[in-house]
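S.K.: Just a sequence and a predicted model for now, questions to come.
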Amino acid sequence: MSTLSVELTHLFISPGHNYYGRHGEGSENHEILDREKIECVAGRGLLDDRFFDYKEDYKGQITLFDYATYERVMSKFALPDLQPSAFRRNVVLKGADLNRLIGKDFSLGVIELSGSEEAKPCYWMDEACAPGVEKFLRGFGGLRCRIKTSGCLTKGIQPLRIL
């Protein structure tokens, strides 16, 4: 078993979809809430989030995003006011290579997750951030996961263990 210390800098939920499933309809403007803690429910998603109970065994019950990628986007596209919420991922963290977690079971804090696939960026990233961001993020869009155990994630330093 391998253990890292990672920092959870942002924990986001949103009650509605601004982009997902909205092709040809234009974006929405549902708020995205940055919480001190979020409640993970095994097999279902994040309580009060737009993907809670979305589909049985949904591969994106929770999504992770690398803070270093956020910083690279801000720098590359000269976006000093860009907020981490623009990427519409649930957990923004420092200290882990998320691509290495694809296909692996791991724990983050007290929650066990299964890394299902990259959270591939879509064309909406060019609207949410700036033209060209979708292409820039390819291969670094974050990580979609299934939630295997219930409990809460809290901001701050947490252990990440590959199981």
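M.R.: Yes, it's here. Residues are numbered from 1 along each chain as shown.

S.K.: Could you pull out the strands in this protein for me?
M.R.: For the chain, the strands defined by DSSP state E occupy 2-13, 33-34, 37-41, 45-46, 62-66, 91-94, 105-108, 111-118, 143-147, 151-154, 156-162.

S.K.: quick one: low-confidence ranges for the protein?
M.R.: 1, 16-30 (pLDDT under 70).

S.K.: repeat that for 80
M.R.: Counting by pLDDT under 80, the chain has low-confidence residues at 1-2, 16-30, 122-124, 127.

S.K.: which one's the longest helix in it?
M.R.: Of all segments of type helix in the chain, defined using DSSP state H, the longest is helix 67-76.

S.K.: Same question for that one: list its buried residues.
M.R.: Neighbour-count burial for helix 67-76, counted by 16 or more other CB atoms under 10 Å, picks out 67, 69, 70, 73, 74. All C-beta spots, glycine's among them, are computed from the backbone N, C-alpha and C.

S.K.: so which of these comes closest to residue 132?
M.R.: residue 73 (9.7 Å; CB to CB).

S.K.: Surely the closest one and residue 135 touch.
M.R.: No. The criterion here is CB atoms under 8 Å, and residue 73 misses it with residue 135 at 11.5 Å.

S.K.: wait, what's in contact with the residue nearest to residue 33 when sequence neighbours are not counted?
M.R.: Nearest non-adjacent residue to residue 33, counting by CB to CB, 6 or more residues apart in numbering: residue 13, 5.4 Å away. Residue 13 makes contact with 32, 33, 35, 38, 46, 47, 48, 49, 50, 90 under the criterion CB atoms under 8 Å, 6 or more residues apart in numbering.

S.K.: run the last query once more with 7 Å
M.R.: 33, 35, 38, 46, 48, 49, 90 (CB atoms under 7 Å, 6 or more residues apart in numbering).

S.K.: Residue 146 and residue 115 touch, don't they?
M.R.: No. Using CB atoms under 7 Å as the test, residue 146 is too far from residue 115 to be in contact (8.5 Å).

S.K.: thinking again about what came up before, please produce CSV containing the contacts of residue 13, extended by neighbour count and distance to residue 82.
M.R.: Below are these laid out as CSV (neighbours: other CB atoms under 10 Å; distance: CB to CB, whole Å):
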residue, neighbour count, distance to residue 82
33, 14, 18
35, 17, 20
38, 23, 22
46, 24, 23
48, 13, 25
49, 25, 22
90, 29, 18
